[in-house]
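A.B. asks: Next comes the sequence, and after it the predicted model I'd like to discuss.
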Amino acid sequence: MRAFHTLRTRGKLDDFEIFTLILSALEWRRHNGEIFLYTDTAGKKFFDGAGLLKLWDGVDTSLDEWARLGIDEKIFWAGAKLFALSKQPLPCVMIDLDFIVWQPLTFDCKLAVIHRESRDLPCYPDANYFRLKNFTLPAELNWTLDPCNAALVYFGDENFVRRYVDFAFDFMRAAEPLPNQSGWDLLPYMVFVEQRWLAMCAELCGVEVKSLSDLSELFGGKQKTFTHVWGYKKVFRENRAAADKFCQDCAKRIAHDFPEFSLQTKKIGYR
């Protein structure tokens, strides 16, 4: 199964982020097939210098084009994922750099997500929250649906993907938040277009959403298929000892399972 990572260069990656993406790519290739990186010229240069380009089956720098579309990346910080999705042959899996799949996956559906979110969270406000220029949200959108977490998404339907990304681009271009909005005030825009619209679009297209897991299972310590580091990033940034322990564990795992990448982990500073 073809998968892709997306990296839009914005600054230095933390060491624990690098270790996670290494394992994400290598474990996907070991269990599930090809994986490609969609990045920009700066991203490719970084991975080339780190000796990590061979993590992927190919590296595409078309995110240079994304940077010229005029979309505010302070609001839509993960929007490049959807641009990369628009470039993919189907079927494919969109997987975040901080998400690791440890076992083979099979898909017997048109759309699968890692889990659903609760629409009751404050980052999922009603339609009247959004300020859009020359763009109106369709009346038929179902705001009672639970959003889809997009850390891992399987796409198998061409018509669905086209509708999903076309609307997403229109929404991102039209977004015009209040001048005094920043930080968490802007989060609803990104999670609407990535997560909430994903669920809404599926319903409009008559495509069933399959959930591969749920929040209690994913973070309850019982399942062994997935690791999502998203929730630990804040901990690692505030607790250097915890970050070091995580990196050391990753380095040992890589040295044991993928010894051809041992030199690269040593360059990052761990053995």
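C.D. replies: Okay, I see it.
A.B. asks: For the rest of this, base every contact and every neighbour count on C-alpha atoms.
C.D. replies: OK.
A.B. asks: give me the number of residues near the nearest residue to D214 once chain neighbours are set aside?
C.D. replies: Excluding its sequence neighbours, the residue lying closest to D214 (CA to CA, 6 or more residues apart in numbering) is H115, at 4.9 Å. Neighbours of H115 under the rule other CA atoms under 10 Å: 23.
A.B. asks: State the distance from H115 to Q264.
C.D. replies: Note on H115: its distance to Q264, by CA to CA, to the nearest Å, is 33 Å.
A.B. asks: Also V235?
C.D. replies: V235 sits 25 Å away from Q264, going by CA to CA.
A.B. asks: Leaving out sequence neighbours, find the closest residue to L187.
C.D. replies: Nearest non-adjacent residue to L187, counting by CA to CA, 6+ apart: C123, 6.4 Å away.
A.B. asks: The one you found touches R196, doesn't it?
C.D. replies: No: C123 is not in contact with R196 according to CA atoms under 8 Å; the separation is 10.4 Å.
A.B. asks: ok, those two, which is more surrounded?
C.D. replies: Higher neighbour count among C123 and R196: R196, with 27 against 17, using other CA under 10 Å.
A.B. asks: Spit out the contact partners of the closest residue to the more buried one other than its chain neighbours.
C.D. replies: Nearest non-adjacent residue to R196, counting by CA to CA, 6+ apart: P147, 4.3 Å away. Applying CA atoms under 8 Å, 6 or more residues apart in numbering to P147 gives the contacts R116, E117, S118, R119, Q195, R196, W197, L198, A199.
A.B. asks: Confirm that the fifth one lies within a strand, as I assumed.
C.D. replies: The one in question is Q195. No: Q195: not assigned to a strand; according to DSSP: H, G, I helix; E, B strand; the rest coil it is helix.
A.B. asks: Show me the strands in the stretch 101-250 of the chain, by range?
C.D. replies: Here the stretch 101-250 of the chain has its strands, by DSSP state E, counting those that start in this stretch, at 111-113, 152-155, 210-211, 226-228.
A.B. asks: what packs against the shortest one?
C.D. replies: Counting contacts by 3 or more CA pairs under 8 Å, 6 or more residues apart in numbering; DSSP states H and E, the secondary-structure elements packed against strand 210-211 are strand 111-113.
A.B. asks: So the residue nearest to W56 when sequence neighbours are not counted: helix, strand or coil?
C.D. replies: Once flanking residues are discounted, W56 sits nearest to F36: 5.2 Å by CA to CA, 6+ apart. Judged by three-state DSSP, the three-state class of F36 is strand.
A.B. asks: Could you list everything F36 pairs with in the sheet?
C.D. replies: For F36, the beta-bridge partners under DSSP bridges are F4, G58.
A.B. asks: quick one: I100 is in a helix?
C.D. replies: No: using three-state DSSP, the secondary structure at I100 is strand, not a helix.
A.B. asks: got the contact list for it?
C.D. replies: Counting by CA under 8 Å, 6+ apart, I100 touches T20, L21, L23, S24, A25, E27, W28, F226, T227, H228.
A.B. asks: Now rank those residues by neighbours and give me the top one.
C.D. replies: Within the contacts of I100, most neighbours by other CA under 10 Å means A25, with 28 neighbours.
A.B. asks: mind checking which helix or strand it is in?
C.D. replies: For A25, the enclosing helix or strand under DSSP states H and E is helix 15-31.
A.B. asks: just to revisit the earlier point, mind picking the one among the contacts of I100 that's closest to V207?
C.D. replies: Comparing those against V207 with CA to CA picks out F226 as the nearest, at 24.3 Å.
A.B. asks: Name the nearest residue to that closest one, sequence neighbours excluded.
C.D. replies: Nearest to F226 is V101, by CA to CA, 6+ apart, at 4.8 Å.
A.B. asks: And the one you found, how far from V59?
C.D. replies: Going from V101 to V59 by CA to CA gives 20 Å.
A.B. asks: got a list of what the nearest residue to R119 once chain neighbours are set aside touches?
C.D. replies: Nearest non-adjacent residue to R119, counting by CA to CA, 6+ apart: D146, 4.9 Å away. Taking CA under 8 Å, 6+ apart, we find D146 in contact with R116, E117, S118, R119, R196, A199.
A.B. asks: That concludes my questions; thank you for your assistance.
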